[in-house]
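*Asks:* take a look and give me a structure for this.
(one chain, ligands or ions: 2)
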Amino acid sequence: MTDNGTVQKVAVIGGGVMGSGIAQLAATVGHEVRLVDVSPERLETALAAIGTSLDRFIRSGRLETDQREEILGRITPATRIPEAVEGVDVVVEAVLERLEVKHQVMTEVAAHAPAEAILGTNTSQLSITAIGSVLGEGASRVVGMHFFNPAVLMRLVELVKGLETSEDTLRRAEDFARSLGKETVVCLKDSPGFLTSRISAILRMEALHMLEEGLASPEDIDKAVRLAFNHPMGPLELGDFNGLDTYLDALTGLHAAHGERFRPPVVLRNMVAAGRLGRKSGRGFYDHGG
Ligand SMILES: CCCCCCCCCCCCCC(=O)CC(=O)SCCNC(=O)CCNC(=O)[C@H](O)C(C)(C)COP(=O)(O)OP(=O)(O)OC[C@H]1O[C@@H](n2cnc3c(N)ncnc32)[C@H](O)[C@@H]1OP(=O)(O)O
Ligand SMILES: NC(=O)C1=CN([C@@H]2O[C@H](COP(=O)(O)OP(=O)(O)OC[C@H]3O[C@@H](n4cnc5c(N)ncnc54)[C@H](O)[C@@H]3O)[C@@H](O)[C@H]2O)C=CC1
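*Replies:* Numbering: from 1, shown residues only. Ligands and ions are numbered 1, 2, ... in the order given. Now for the predicted structure:
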């Protein structure tokens, strides 16, 4: 951190759909980024995806060609947390949407990151209080920092205050999100699904029920939502874009917290069981050539 408290070093834990985008975003605004994943293959895929996205920004004139290597040069891939979080100002956790995995990661992060670093979690719906509960007093440093896919383009970061999150942590998370060029909203109560996932899950679930009922093809359900409501993507194509395994994990949590209206539909369970996870596996509601 600089003398005026500005963030310089960031660790992103999890190099999947979201972690790769968050790392790219942080490196683009000039932060030094360590990107950690347990899987070297996922790290390779993440760096390739970041390269492809930077190429798109160059093609559309929003980035200079020579910035590509500068940005990539600010991202250091790593497979171990302890060394990667040394000296960082901010950690953003973006691993699987499972409480036990988040606990394991937060425990390791807190043991090795500087005591003053804030610990953001990109969970879609899990309780921030529950995620921080393994850290004892350290729970005051844990804050929900919910980015949206693609993180490099979407304008919002939803901040979520856990029961123990300190005002200082929340304020620094807000400053960090703004340093990334994002707007913020604050969910003041730690309620599963916060503001955005609770709302969006209802619309997406309804699309899935319509598909199960044979009301229309996936193409027409998506087209209806795109054209009738001016959504950039229909709910099923967005599911493929975000990852159906992540959706199932998120819905499982929402179901446990809010009851029947979020029960994961059988068709979604079956698709995940069959490995049809959307773009990341090459096949979901649509064929992506995988
Ligand atoms: C179905 C089952 C339901 C079950 C229940 C669900 C449970 C739900 C719980 C939620 C859990 C998880 C989700 C979550 O937590 C939060 C989320 O992230 S929700 C998702 C939010 N995101 C969106 O809604 C995205 C919607 N789509 C868009 O906004 C646009 O389609 C998109 C910006 C992605 C692309 O734009 P589009 O115009 O459609 O396509 P183009 O390809 O033409 O791109 C336009 C423009 O942007 C550039 N570009 C696109 N992508 C990138 C990139 N990754 N990097 C760089 N640049 C990019 C492209 O080059 C174009 O640039 P021009 O200058 O215009 O040429
Ligand atoms: N996919 C989406 O649209 C969005 C997802 N989220 C949330 O972001 C988080 C990540 O989601 P995705 O990126 O979609 O998942 P993903 O499945 O694409 O990536 C998760 C990554 O975490 C890695 N990982 C697992 N255990 C790890 C550990 N112990 N240490 C380091 N890395 C580990 C995996 O190897 C994988 O690469 C979840 O909490 C999800 O709910 C939030 C907003 C949008």
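*Asks:* the strand or helix carrying Phe57: how far from the chain's middle?
*Replies:* Element membership for Phe57, per DSSP states H and E: helix 40-59. From the chain centre to the centre of helix 40-59 is a distance of 16 Å (C-alpha atoms, centre = their mean, to the nearest Å).
*Asks:* same check on stretch 96-112?
*Replies:* For stretch 96-112, the distance to the chain centre is 15 Å (C-alpha atoms, centre = their mean).
*Asks:* need the residues that contact that stretch.
*Replies:* Stretch 96-112 has contacts (C-beta atoms under 8 Å, 6 or more residues apart in numbering) with 11, 13-14, 81-83, 85-86, 91, 93, 95, 119, 121, 123-126, 130-132, 134-135, 138, 141-142, 246, 249-250, 253. C-beta: built from backbone N, CA, C; applies to glycine.
*Asks:* how about the residues of the stretch 1-150 of the chain by ligand 2?
*Replies:* 13-19, 36-39, 42, 94-97, 101, 104-105, 122-124, 146-149 (C-beta under 6 Å from any ligand atom).
*Asks:* mind running it again at 5 Å?
*Replies:* 14, 16-18, 37-39, 42, 94-97, 105, 122-124, 149 (C-beta under 5 Å from any ligand atom).
*Asks:* show me the residues you listed that map onto helices.
*Replies:* Val17, Met18, Arg42, Val105 (DSSP state H).
*Asks:* closest to Arg59 out of those residues?
*Replies:* Closest approach to Arg59 among these (C-beta to C-beta): Val17, at 21.7 Å.
*Asks:* report the buried members of the residues of the stretch 1-150 of the chain next to ligand 2.
*Replies:* In terms of neighbour count (16 or more other C-beta atoms under 10 Å), the buried residues within these are 14, 16-18, 37, 42, 94-95, 97, 105, 122-124.
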